[in-house]
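*Asks:* could you work out the structure for the sequence below:
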Amino acid sequence: MRIANLLGRLVLVAPEGARAIDVERASGGRFGPDVQAIYGRWAEFTAWAESVDLSAAVPFAVENLGAPAPAPGQLLAIGLNYADHAAESGFAVPDAPTVLFTKWASCLTGPVTTVELPDGGNTDWEVELVVVLGKRAWRIEEDKAWDHVAGLTVGQDLSERITQTAGPSPQFSLGKSLPGFGPMGPWLVTHDEFADPDDLEIGCAINGETVQKGRTRDLIFSVSSMITKVSARLPLMPGDVLFTGTPAGVGAGRKPPRFIRPGDELVSYVSGIGELRQRFVAAHSA
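*Replies:* This is a model prediction of the structure:
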């Protein structure tokens, strides 16, 4: 099953990804149009959605999609969760998910956007598999973790490196939460749609040149491990968002470093889900 945020309304997306049906209308008002609210009724919603006839779905423009979880209560991200990315960053492979930070929900957007690059910044790319919770998770055993997942989507953890690393005690969040720095989408796919949700190809390209390519089986802390370890410290709530880390190939890890320039187009994907497409412009010209 795929759900999406179409012009601010919850929709079910047909398997080919080109048509959708409005949930409020199809359910006769049983479920409202609020995309974020559906995660609080996830089990009830998915039981209903499985029987919906999608033959009446209508075409839509992907440019009209928003983030599939646009207003999470918590948006957590993990750093250094692939060994090759830890190596290019000059760090040892962590033995616990201690590089955990937040992105602020105000940076979330849909899958096709124009992003303004900050003046004097070094904006970098980080394609990531993103998890959305569909059930409260608190001190969850690893073999039960996937039961708490609503689905998976694609995310870009766009990062302004100068801000991210500034000051005597650098804090990641501001440099990773500038306007438009959290594109997600194009939709949420439930994990039962994948033959193996722990082994998906992930990558991105700038102006057609592949800069990152990996597989989620190489996550140091898998989706289930991450949920278990994070939920041991704090409750995760329905609709919360987890960015699971990025593979090698970011601009800051290159010699010499390379960053996004005005006019660049960044295309990011996770196999079985879909792609994001961001175009970048100089500050004040978006």
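*Asks:* contact partners for the residue nearest to the spatial centre of the chain?
*Replies:* Nearest to the mean C-alpha position of the chain, by Cα atoms, centre = their mean, lies Gly155 at 3.0 Å. By Cβ atoms under 8 Å, 6 or more residues apart in numbering, the residues touching Gly155 are Val127, Glu128, Leu129, Val130, Gly182, Pro183, Met184, Phe243, Leu276. To be clear about C-beta, it is placed using only N, CA and C from the backbone, and glycine gets the same treatment.
*Asks:* which of these fall in strands?
*Replies:* Val127, Glu128, Leu129, Val130, Gly182, Pro183, Met184, Phe243, Leu276 (DSSP state E).
*Asks:* how about the closest residue in space to Thr102 that isn't next to it in sequence, what does it touch?
*Replies:* Spatial nearest neighbour of Thr102, excluding adjacent residues (Cβ to Cβ, 6 or more residues apart in numbering): Ser173 at 5.1 Å. When contacts are counted by Cβ under 8 Å, 6+ apart, Ser173 touches Phe101, Thr102, Lys103, Trp104.
*Asks:* distance of Ser173 relative to Arg254?
*Replies:* 24 Å (Cβ to Cβ, to the nearest Å).
*Asks:* what of Trp104?
*Replies:* The value you get for Trp104 to Arg254, if Cβ to Cβ is used, is 27 Å.
*Asks:* check Leu129 too.
*Replies:* Computed as Cβ to Cβ, the Leu129 to Arg254 distance reads 22 Å.
*Asks:* which of the two has more residues huddled nearby?
*Replies:* Leu129 (24 against 14; other Cβ atoms under 10 Å).
*Asks:* the helices in the stretch 151-286 of the chain, which residues?
*Replies:* 161-164, 223-231 (DSSP state H, counting those that start in this stretch).
*Asks:* which residues touch Gly110?
*Replies:* Asn5, Glu63, Asn64, Leu65, Gly66, Ala67, Pro183, Met184, Gly185, Pro186.
*Asks:* helix/strand/coil for the second one?
*Replies:* The local conformation at Glu63, judged by DSSP: H, G, I helix; E, B strand; the rest coil, is helix.
*Asks:* tell me the one of the contacts of Gly155 nearest Arg139?
*Replies:* For the contacts of Gly155, the closest approach to Arg139 (Cβ to Cβ) belongs to Phe243, at 21.9 Å.
*Asks:* identify the bridge partners of that closest one.
*Replies:* Beta-bridge partners for Phe243, by DSSP bridges, are Ala77, Val130.
*Asks:* mind pulling the model confidence for it?
*Replies:* Looking at Phe243, its pLDDT reads 98.
*Asks:* ok, now Ser89?
*Replies:* At Ser89, the pLDDT recorded in the model is 89.
*Asks:* so how far is Leu276 from the nearest residue to it once chain neighbours are set aside?
*Replies:* Counting by Cβ to Cβ, 6+ apart, Ser89 lies nearest to Gly253, which is 6.0 Å off, once chain neighbours are set aside. The gap separating Gly253 from Leu276 is 21 Å, by Cβ to Cβ.
*Asks:* more neighbours, these two?
*Replies:* Remark: of Gly253 and Leu276, Leu276 carries more neighbours, 26 against 17, as counted by other Cβ under 10 Å.
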